[in-house]
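Q: here you go, sequence then predicted model.
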Amino acid sequence: MSEGLSIGFLELTGCSTCLENVLLHEKLSGILGGLGSVKYWPSHGYTEEPDSLDVLFVSGAVRSRGQVEKLKKLRDKTRVLVAYGTCSIYGGLIGLTALIDASSRSGEFLETVKTVPDIVEPDILVTGCPPTRDQLDELAGVIKDYLENGKPRGKVFIGNRNSLCRDCPRKPRDPYRFEMPSIKRDHELVEDDGRCFLEQGILCLGPVTSSGCGHLCILRGRPCMGCNGPARGVVDQGLNYISSIGSILLKSMERIRMFDYFAAEMDKLVDPMGYLYRYTLPKSLLTELALKKRGVGEK
Amino acid sequence: MTWEPWLIGFLEKWTAGLAAESAGVNRVRYSPNIVLINIPCPSRLSPVHIVKAFLAGADGVYIGGSMPPANCHYKVGNYKTFKRMYLLKKLMAQFGIEPERLRMDWYVSPMYRALAKNIDEFVETIKKLGPITSRERVDGL
Ligand code: SF4
Ligand code: SF4
């Protein structure tokens, strides 16, 4: 069924390394027809825009007006558009520039960082930085279904959307007396005893992050940084996270110490914006508010 | 039309809410720019609720909780509120939103004069800061 398929890759702002994984994955590559069916991939020499595409993979965040135009134009020509990688859905690391107004330097730039779903309607969304093999397996199945059964119906989200904590291998000592004893930077953790990172004082974004990655970092002794985007039911990674930290930080000191004691501990979190929104800043409600305050996008 | 700030306040019903009621009974005046809502405990407020209030056009959000350490009806609700809102203020500052737009005060129920004074002070602060967005004030709000 792969004969005659035409697939395209569009790289917006981002490292776009994740796009390479698509053709390196045997099953997915087999369904798509491998390198032979690539008709459009500007950074790899396939610069000529085809009349129609069966599948288009888009990675990266949207930063310029040209990219908006290009995306809209290609959407009209494409049957199945895949927003691929965290940057394309939540902004990713590039999203950290969401509050820097580059449009004052050149009119070509947007005032903020947009994501692919802000501009066009994708058919499939794959998060992850980069998406894992398991997610690609699932993606292969969905694309096959779409190609065989015609017009896609609605949006499909690839990957498990439960929170990482739900089936995390690290367990707290006693879930009913769960307490975060301090706020440590991760280099300050001298002896990792294998318990939940929060119980050791390390900020782990697991509670608000979806577990499509299969606990990549946590299994390797690193706290989660939130690269897979918000879990189901999480409105805003950062805001929901400080809400959960508020419940557990120094719980046993409540009613013993006064507020300044807690404030001193929380001041150890030096850059909350960078830490809690490392991958999702453009999608934050606070960004929306800050942009509204500046009057961006009200023309 | 001159700009008047529009504020929203959440009061813990067991202490600050009682104080607001006493303020009414004792004919103590406070600024009409604030809309007060009684809730059982402000620790139920997620930072998401606060930011959504700002997005809906509130120029400031006020939280009245119970005086630490031991007045909270639910034992530790005021501590949870403080921790959440303290981190939220830190975040707001980084996003370029004045953290003074979110204010917390702590009460026991007889403090109705303090409540009226604090609210008036808060309204003055917000008047100095100006509107949060460039919106035109909608009549009837
Ligand atoms: S906070 Fe991190 S380490 Fe703890 S249970 Fe959740 S994902 Fe696992
Ligand atoms: S554990 Fe967190 S940071 Fe690591 S891959 Fe998974 S979602 Fe990303």
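A: Ah, there it is. Ligands and ions are numbered 1, 2, ... in the order given.

Q: please work out which residues outside whichever strand or helix holds A:P117 touch it.
A: A:P117 is part of helix A:116-119 when elements are defined by DSSP states H and E. Outside helix A:116-119, the residues that touch it by C-beta atoms under 8 Å, 6 or more residues apart in numbering or on different chains are A:L12, A:V58, A:V62, A:V68, A:L71, A:K72, A:A83, A:S88, A:I89, A:P122, A:L125. For glycine as for every other residue, the C-beta is placed from the backbone atoms N, C-alpha and C.

Q: then that helix to CSV, C-alphas only?
A: The C-alpha coordinates for helix A:116-119 follow below in CSV (Å, rounded to 0.1, in the frame of the first residue of the first chain):
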residue,chain,number,x,y,z
VAL,A,116,0.9,24.2,15.4
PRO,A,117,-2.6,23.7,16.9
ASP,A,118,-2.8,27.5,17.3
ILE,A,119,-2.6,27.9,13.6
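
Q: quick check: mean pLDDT of it?
A: The average pLDDT within helix A:116-119 is 92.

Q: now stretch A:87-106: buried residues?
A: Within stretch A:87-106, the residues scored as buried using 16 or more other C-beta atoms under 10 Å in any protein chain shown are A:87-99.

Q: surely A:L219 and A:P169 touch.
A: Yes - in terms of C-beta atoms under 8 Å, A:L219 counts as a neighbour of A:P169; the distance is 6.6 Å.

Q: which one's more surrounded, those two?
A: Neighbours around A:L219 and A:P169, counted as other C-beta atoms under 10 Å in any protein chain shown, are more numerous at A:L219. The numbers are 12 against 9.

Q: could you find the closest non-adjacent residue to A:D193?
A: A:Q200 (7.0 Å; C-beta to C-beta, 6 or more residues apart in numbering or on different chains).

Q: how many neighbouring residues does that neighbour have?
A: Look at A:Q200: counted by other C-beta under 10 Å, it has 21 neighbours.

Q: before we move on, what about A:E20?
A: With other C-beta under 10 Å as criterion, A:E20 counts 12.

Q: in which helix or strand would I find it?
A: Assigned by DSSP H and E, A:E20 belongs to helix A:20-24.

Q: go through that helix and flag the buried ones.
A: A:N21, A:V22, A:L23.

Q: distance check, the second one against A:L32.
A: Counting by C-beta to C-beta, to the nearest Å, the separation of A:V22 from A:L32 is 8 Å.

Q: any idea how many residues pack against B:K83?
A: Around B:K83 there are 26 other residues, counting by other C-beta under 10 Å.

Q: next, the contact list for it, please.
A: Per C-beta under 8 Å, 6+ apart, neighbours of B:K83: A:I245, A:G246, A:L249, A:F262, A:M266.

Q: ditto for A:E49
A: A:E49 touches A:Y40, A:K73, A:L74, counting by C-beta under 8 Å, 6+ apart.

Q: try it again at 7 Å.
A: Going by C-beta atoms under 7 Å, 6 or more residues apart in numbering or on different chains, A:E49 touches A:Y40.
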